[in-house]
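**Student:** When you get a sec, could you give me coordinates for this:
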Amino acid sequence: MTWHASPELLRKYVDGDPGLTADRVWAVEVHLESCADCRALLAAEATAVVPLVNDVWDALVPDTEPAPLRGVRWVTTWATPAMVPWLVMTTVVTLLALVVDRLVAPPYPSLALLLAPVAPVAGVAAAWARGLDPAHELVAATPRAGLYLVLRRTVAVLAVVIPLLAVTTWASPVRWLLPCLAFTVTTLALGGFVGVRRAAVGLVTAWAAFVVGPSLVTATSPPVLEPAALGIWAAVLVAGAAVVRLRATVYARLES
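**Tutor:** Residues are numbered from 1 along each chain as shown. The predicted structure follows:
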């Protein structure tokens, strides 16, 4: 059954009842965003303030102002402008790795393949980090802030990075896809403890030092990207997802 706010709960919400706890206020506000029936019920409860709200709205938004494009509004609910430079950087680095792969003959392993597992990490860090997003505090104060928004922005990053990686490493997607998802989830999981930005920097540094560097020096493909290691990556992915789910509440006040 779908939960709906009762008239009594909405009345307390409208009146600013001090007995209404913060978590219930948050639940009501999030529910109102997606429930037209409860918004209509709220309007009936708040008839006394409707004229005042309309007057303020008319003063703030002139009639001549064009309505925002639906496509633009959809993008802004899934991403933040702070992510754009990092996604552009990821794209450029991936394309440069592809160029290097075309210029360097075997037996050197594919540089694009070596970088693929950590490619989304920079974008994920920018998606929810105070130091990278000037609007972080404003967004963090909204009812949708928290794990829900973090996951939406993470999906937006993956929607850009994964197709790019699929094109540049088309011959071996099975080897990097699961590690890529595992690194993304692990970044969020560790971010709940130390901040997403610090988690991203630590994971990328460790991957470069212990996998990318030795692989280029020895001119061999790393064992962690062989099919035999996919079971380990799956376990890391499941464990990271469990940590994110169990610590979901920390993302509403995440520091980075």
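**Student:** what bits of the stretch 1-150 of the chain have low per-residue confidence?
**Tutor:** Scanning the stretch 1-150 of the chain with the threshold set as pLDDT under 70 gives 1-2, 45-53, 56, 61-77, 79, 105, 129-136, 138-140, 143-144.
**Student:** what's the next secondary structure element after the helix or strand containing residue 192?
**Tutor:** If you go by DSSP states H and E, residue 192 is part of helix 173-194. The helix or strand immediately downstream of helix 173-194 is helix 196-207, counting by DSSP H and E.
**Student:** Leaving out sequence neighbours, find the closest residue to residue 160.
**Tutor:** Sequence neighbours aside, residue 87 is the residue nearest to residue 160 in space, at 5.4 Å (criterion: Cβ to Cβ, 6 or more residues apart in numbering). All C-beta atoms are positioned from the backbone trio N, CA, C, and that covers glycine.
**Student:** And the helices in the protein?
**Tutor:** For the chain, applying DSSP state H gives helices covering 7-15, 22-34, 36-45, 50-60, 70-78, 83-103, 111-115, 121-127, 136-140, 147-168, 173-194, 196-207, 213-218, 230-246.
**Student:** Of the ones you listed, flag the one that's most buried.
**Tutor:** Neighbour counts averaged per stretch over the helices of the chain are highest for helix 121-127, at a mean of 27; criterion: mean count of other Cβ atoms under 10 Å.
**Student:** My guess is residue 152 contacts residue 78. True?
**Tutor:** Yes: shown here, residue 152 and residue 78 form a contact pair, counting by Cβ atoms under 8 Å, at 5.3 Å.
**Student:** ok so, going back, test my guess that the residue nearest to residue 160 contacts residue 159.
**Tutor:** No: using Cβ under 8 Å, residue 87 is not in contact with residue 159; the gap is 10.2 Å.
**Student:** can I assume residue 250 is in contact with residue 192?
**Tutor:** Yes: if you go by Cβ under 8 Å, residue 250 and residue 192 touch, sitting 4.6 Å apart.
**Student:** coming back round to it: now distance to residue 224 too, for the helices of the chain, in JSON lines please.
**Tutor:** JSON lines is the format used below for those (distance: least, Cβ to Cβ, whole Å):
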{"stretch": "helix 7-15", "distance to residue 224": "52"}
{"stretch": "helix 22-34", "distance to residue 224": "40"}
{"stretch": "helix 36-45", "distance to residue 224": "49"}
{"stretch": "helix 50-60", "distance to residue 224": "55"}
{"stretch": "helix 70-78", "distance to residue 224": "31"}
{"stretch": "helix 83-103", "distance to residue 224": "18"}
{"stretch": "helix 111-115", "distance to residue 224": "10"}
{"stretch": "helix 121-127", "distance to residue 224": "16"}
{"stretch": "helix 136-140", "distance to residue 224": "33"}
{"stretch": "helix 147-168", "distance to residue 224": "17"}
{"stretch": "helix 173-194", "distance to residue 224": "7"}
{"stretch": "helix 196-207", "distance to residue 224": "9"}
{"stretch": "helix 213-218", "distance to residue 224": "10"}
{"stretch": "helix 230-246", "distance to residue 224": "8"}
